[in-house]
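Peer 1: Build me a structure from this.
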Amino acid sequence: MSQADSPFIEQTLPQWRRAVLKVGSSLLAAQGEGLSTRHALGLARFVADSLAAGREVVIVSSGAVAAGRAVIHRKSESGAAMAERQALAALGQAQLIGLWQGLFERPVAQVLLTHDDLRNRRRYLNARATLNELLALGALPVINENDTVSVDELKLGDNDNLAAVIAALVDADALFIATDIDGFYTANPRTHAGAKPIDEVEALTPEFFAMAGDAGSSSGTGGMRTKLEAAAKAAAAGIETFLFNGTNADVVSSLAQGRLRGTRFRPAQNRIAARKYWLRNVPLESGSIIVDAGAARAMGEKGASLLPGGVVTAEGDFRRGDMIEVRLRDEQGDRGIARGVSQYSAVDIRRIARRHSRDIEAVLGYNYGGNVIHRDDLVLLSPTGISFGT
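Peer 2: You can find the predicted model right below:
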């Protein structure tokens, strides 16, 4: 396929200093098993040209599970047990990092992340410091989820969303998502002959999400919807996203010349503060804090902290310092309205619910402060009903 075959118009890329490149399994897997450099070579040239021009690139790469299948010659099976997929990921990680190292003269650094690395504020900041130091040393970070030790599920969500969080983590200017489709369409072009290409998206509204299909390739876990979710996360952090066909050699080679044939997702006008962005996108712990309408109004209209007097109860078994969803309970039922770092455990919150802040120490025998969630550790969910969280 040539660039002329792409139905998307050619656009000029904006200037960028640092970017995250996400590469899906479909671009690296050889017929669903093992790894191939067929498409990786072109992407590596784009990265190398960018580095030679004085830019910095971080790669978020899928493909470990597909590589692991080839090591033990096991066919792909739907619904494989998590332990089996984790074992395949462990077998394939060395193959995956070996593929990328073989394509670059500079050192490649493997970085594996888990849920807790993005949930825990200290570890989140430590990951950022490590990545920034690797870039300062001239290394090329290649990031994947640490599937082998995942306990809740195989993935943080998917590598599309992981790439968006990493883009904010390293303060990138651009997020490039390489996939096996030309860009974003009004419908799935593989199943809808009348699907029309969308060259540029100013703001991701619910209508765009309705256009996205759920299915991805047989080699990967992500579909178009996860790519839109990633673009929304990046936009919230002031980062532009560029979706393009990584199997089209001409499209890939033109990126180094500052030209895009694909979909450009514009960022939000106002950049969210780094901590608020982290609060909005870090994975949630199970459980929730239930509040009444008065507390919801105070948080939403006055920017107030959540006090124990407005708490109805706590559900689940979370700990102090966990990222928790805040849910409003009224005559309309329960619905998520915010998320934040809880200053107290679920057990403690159930004991101090409906109490005044001054009573906390008398009830618990200790006091971590008068707020259940401080306003600096609290972020409201999108008023459109689409949360940019995971």
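
Peer 1: Measure how buried residue 313 is and give me the count.
Peer 2: A count of neighbours around residue 313, defined by other C-beta atoms under 10 Å, yields 14. Where you see a C-beta, it was placed from the backbone N, CA and C, and this is true even at glycine.

Peer 1: check contacts around it.
Peer 2: 290, 349-350, 353 (C-beta atoms under 8 Å, 6 or more residues apart in numbering).

Peer 1: beta partners for it?
Peer 2: According to DSSP bridges, the partner residues bridging residue 313 are residue 290.

Peer 1: how far away is it from residue 163?
Peer 2: Going from residue 313 to residue 163 by C-beta to C-beta, to the nearest Å gives 37 Å.

Peer 1: I figured residue 181 hits residue 248, correct?
Peer 2: No: between residue 181 and residue 248 there is no contact under C-beta atoms under 8 Å: 10.0 Å.

Peer 1: State whether residue 7 is indeed within a helix.
Peer 2: No: counting by DSSP: H, G, I helix; E, B strand; the rest coil, residue 7 falls outside a helix, being coil.

Peer 1: quick one: it and residue 184 touch, right?
Peer 2: No: counting by C-beta under 8 Å, residue 7 stays clear of residue 184, with 11.5 Å between them.

Peer 1: Looking at the two, which has the bigger crowd around it?
Peer 2: Using other C-beta under 10 Å, the more surrounded residue of residue 7 and residue 184 is residue 184, with 26 against 13.

Peer 1: Outline the domain layout of this protein.
Peer 2: 3-276, 285-380 (automatic domain parsing).

Peer 1: Any idea which of those domains has the lowest pLDDT on average?
Peer 2: When these are compared on mean pLDDT, domain 3-276 scores lowest, with a mean of 87.

Peer 1: and it, how far out from the chain's middle?
Peer 2: With C-alpha atoms, centre = their mean, to the nearest Å as the basis, domain 3-276 stands 10 Å off its chain's centre.

Peer 1: show me where the stretch 151-300 of the chain has strands.
Peer 2: Using DSSP state E, counting those that start in this stretch, the strands of the stretch 151-300 of the chain run over residues 174-179, 184-185, 197-198, 200-201, 240-245, 259-265, 288-291.

Peer 1: Now do the fifth one: which elements does it pack against?
Peer 2: So the one you mean is strand 240-245. strand 174-179, helix 224-236, helix 249-255, strand 259-265 (3 or more C-beta pairs under 8 Å, 6 or more residues apart in numbering; DSSP states H and E).

Peer 1: Of those, which stretch is the most buried?
Peer 2: Ranked by mean neighbour count, the helices and strands packed on strand 240-245 are led by strand 174-179 with a mean of 28 (mean count of other C-beta atoms under 10 Å).

Peer 1: List the contacts of the top helix by length along the chain.
Peer 2: Counting residues, the longest helix found in the chain (DSSP state H) is helix 82-101. Contact partners of helix 82-101, identified using C-beta under 8 Å, 6+ apart, comprise 28, 34-35, 37, 40, 44, 59, 61, 63-72, 74, 107-108, 110, 112, 140, 142, 144, 147-150, 153-154.
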